[in-house]
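**Q** whatever this is, show me its structure:
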Amino acid sequence: LRADIVNETFLQKVLFDKYDGKIELVSFESKPGSQKGDNFIGDLVAVDLKVRYKKENKESIYHWMIKTLKPGPDDQENGLAYALRIFDREEYFYTTFINDLNKYVKKDILNTIPFIYSINEKKKEALVFQHLGKMGFRDPVNKKEGFDLQHIHHGLNWIARLHGASFILFSKYPGGHEAWCKDNFVSEAGKFSMFEGMCDMMKKSYFQMFQSLLNGSENDSFVKQFESLFRDTFSNTNVFKLMEDKMYVSRSKFKILCHGDTWFNNIMFKYDENGNIIDTIFLDMQMIYCGNLGSDLSYFLCTCVTYETLSDNLDDFLHYYYKCLTKHIRELDPSITEIPLTLEDIKHDFLKSSLVGFFVAFNAFPFILSKKEDFTDFEFTKVDFKDKEELEKTTKEFAIHSNKVIFEDTNVYNRMVGVIKFLLDINSFGYIK
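**A** Residues are numbered from 1 along each chain as shown. The predicted structure is shown next:
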């Protein structure tokens, strides 16, 4: 429950700073804000506060969700998170970026989780939000099995709105996109490639998972073909460095802010009594950067959509995104008569970034898609990536868990093989050479 951060003193400070001392804390209760295995970098604490309005002498209940960083090795600072500036990026989004949208584009144009407060003190970082669950939002009803068309369209629409709003912001920002990049550190993606030990560990784990997927079925030929292409492409290079060089830079003049983490674990929906979606919010803005829109689309489609649905409808999904994007841009700024982006640009950028979907799926699916009782206590932030012995130990643990889950859970196997088959279908390796 992170009592080192989420305690009476902290909550009193938030109330005092946010509401100018007009509201005081009476009592509070806290509990874990997520289930085991749902978060890799941060911890969530749900807090119910009983507060008193001083002037009116009336009491009320507030429902907050507080996000903190997980501790690093030996409970020291989280080196991975600090190097990638994960907390800084998310704090920036809910403060500077949203303020700039309000100033240069239009107020309240992006549907995001209501932000309350942040504190950026080393090893005490915290973001305070309204509790979406208390506002009627919930996880996708079918997130593990794969989204249906309704969920896919709502997700693409939200992504298109973020991209469109940021495109307009860059065009209106004093000095344009180039000046914005100089003024804002989030213009560049976090450099995973600096963690060579982690890159080596992940590369080994991918090859081990390829072997785990071989089960004597007709899918073995697809797995072997993909493994061969993967080996030819990545064996003699830093996996993440090649991703950064080849996949994250847009070829078009259409510059946007990417969410950077658009998978099903970071999306919440609100439904009506008939199961129809009435609202959508993407969370976890901790990986934002200015880059290739295709990486957001690949990230979303490869993790949220099954092979069958994606292979049958890819062109329709990209066209739907394009339609939403152009609609949002023209509604937000009717003065824009020409948008420097075509449907072909979108498809090219998607194909160029499509392998992003593989890396996300193979890192996350064995953990997030597995049954909770099968989930290992693997703490990514606790690993010292400079310690070779610890890396070897972690790689073996990762392989043991992945092999067990792939063998026992048909859904995990099908989703992982589905990503491989889709990326082979679209010749994804051919677009990064």
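**Q** when you work out contacts or count neighbours from here on, use the C-alpha atoms and nothing else.
**A** Noted.
**Q** the spatially most central residue of the chain - nearest residue in space that isn't next to it in sequence?
**A** By CA atoms, centre = their mean, the chain has its centre lying nearest to residue 261, at 2.1 Å. Distance criterion CA to CA, 6 or more residues apart in numbering; nearest residue to residue 261, sequence neighbours excluded, is residue 287 at 6.2 Å.
**Q** kindly check the end-to-end length of stretch 28-45 for me.
**A** With CA to CA, to the nearest Å as the measure, the first residue of stretch 28-45 is 12 Å from its last.
**Q** only alpha carbons, please: show the lowest-mean-pLDDT helix or strand in the chain as PDB.
**A** Least confident helix or strand, the chain: helix 239-246 with a mean of 76, by mean pLDDT, DSSP states H and E. Extracted as PDB, the C-alpha positions of helix 239-246 are listed here (Å, rounded to 0.1, in the frame of the first residue of the first chain):
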ATOM      1  CA  VAL A 239      17.300  -5.200 -30.500                       C
ATOM      2  CA  PHE A 240      16.000  -1.900 -29.000                       C
ATOM      3  CA  LYS A 241      18.600   0.200 -30.900                       C
ATOM      4  CA  LEU A 242      17.300  -1.100 -34.200                       C
ATOM      5  CA  MET A 243      13.700  -0.400 -33.100                       C
ATOM      6  CA  GLU A 244      14.600   3.200 -32.200                       C
ATOM      7  CA  ASP A 245      16.500   3.700 -35.500                       C
ATOM      8  CA  LYS A 246      14.000   2.100 -37.900                       C
END
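**Q** check which helices and strands that helix sits against.
**A** Here helix 239-246 touches helix 196-213, going by 3 or more CA pairs under 8 Å, 6 or more residues apart in numbering; DSSP states H and E.
**Q** in stretch 404-417, what counts as buried?
**A** Buried residues in stretch 404-417, counting neighbours by 16 or more other CA atoms under 10 Å, are found at 405-406, 411-417.
**Q** returning to what we had before: what's the helix or strand following the least confident helix or strand of the chain in contact with?
**A** Per DSSP states H and E, the first helix or strand lying C-terminal to helix 239-246 is strand 256-258. If you take CA atoms under 8 Å, 6 or more residues apart in numbering as the criterion, strand 256-258 is touched by 162-164, 166-167, 170, 187, 288-293, 295-296.
**Q** before we move on, the earlier item: was I right to think the residue nearest to residue 261 contacts residue 190?
**A** Yes - with contact defined as CA atoms under 8 Å, residue 287 reaches residue 190; the gap is 7.1 Å.
**Q** what's the neighbour count on residue 286?
**A** The tally of other residues near residue 286 (other CA atoms under 10 Å) stands at 24.
**Q** for residue 69, see how far away the spatially closest residue to it that is not a sequence neighbour is.
**A** Leaving aside its sequence neighbours, residue 286 sits nearest to residue 90 (CA to CA, 6+ apart; 4.4 Å). For residue 90, the distance to residue 69 equals 11 Å [CA to CA].
**Q** what of residue 338?
**A** Separation of residue 338 from residue 69 (CA to CA) stands at 42 Å.
**Q** looking at those two, which one has more neighbours?
**A** Neighbours per residue, other CA under 10 Å: of residue 338 and residue 69, the larger number sits with residue 69, 24 against 8.
**Q** picking that back up, with respect to residue 42, which of the contacts of strand 256-258 is nearest?
**A** For the contacts of strand 256-258, the minimum distance to residue 42 (CA to CA) is 15.7 Å, reached by residue 288.
**Q** residues near the closest one, how many?
**A** Number of residues near residue 288 (other CA under 10 Å) recorded here: 22.
**Q** pull up the gap between residue 388 and residue 83, please.
**A** 20 Å.
**Q** chain neighbours aside, what residue packs nearest to residue 111?
**A** residue 281 (6.1 Å).
**Q** kindly apply the preceding question to residue 160 instead.
**A** residue 325 (4.7 Å).
**Q** would you mind measuring from that neighbour to residue 315?
**A** 15 Å.
**Q** give me the buried subset of the contacts of strand 256-258.
**A** Buried by 16+ other CA under 10 Å: 162-164, 166-167, 170, 187, 288-293, 295-296, out of the contacts of strand 256-258.
**Q** closest to residue 334 out of the residues you listed?
**A** The closest of those, once distances to residue 334 are taken by CA to CA, is residue 164, at 12.7 Å.
**Q** secondary structure element holding that closest one?
**A** Assigned by DSSP H and E, residue 164 falls in helix 149-172.
**Q** show me what that helix is packed against.
**A** Short answer (3+ CA pairs under 8 Å, 6+ apart): helix 149-172 packs on helix 176-183, strand 256-258, strand 277-282, helix 293-304, helix 307-332.
**Q** rerun at 6 Å
**A** Helices and strands touching helix 149-172, by 3 or more CA pairs under 6 Å, 6 or more residues apart in numbering; DSSP states H and E, are strand 256-258, helix 307-332.
**Q** so for the first one, mean pLDDT?
**A** For strand 256-258, the per-residue pLDDT values average out at 96.
**Q** so after it, what's the next helix or strand?
**A** Next along from strand 256-258, by DSSP H and E: strand 267-271.
**Q** can you give the strand pairings for that following strand, parallel or anti for each?
**A** Counting by DSSP bridges, the strands paired with strand 267-271 are strand 137-138 (antiparallel), strand 277-282 (antiparallel).
**Q** could you dump these into JSON lines and include mean neighbour count?
**A** Putting these into JSON lines (neighbours: other CA atoms under 10 Å) gives the following:
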{"stretch": "strand 137-138", "mean neighbour count": "16"}
{"stretch": "strand 277-282", "mean neighbour count": "17"}
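**Q** out of those strands, nearest to residue 424?
**A** strand 277-282 (28.8 Å).
**Q** toward the C-terminus, what is the element adjacent to the closest one?
**A** Following strand 277-282 in sequence order, the next helix or strand is strand 289-291 (DSSP H and E).
**Q** name the helices or strands packed onto that following strand?
**A** Using 3+ CA pairs under 6 Å, 6+ apart: strand 289-291 touches strand 256-258.
**Q** can you list the residue ranges for strands in the stretch 51-200 of the chain?
**A** 58-69, 115-119, 126-130, 137-138 (DSSP state E, counting those that start in this stretch).
**Q** most tightly packed of those strands?
**A** When these are scored by mean count of other CA atoms under 10 Å, the highest mean neighbour count falls to strand 126-130 (a mean of 21).
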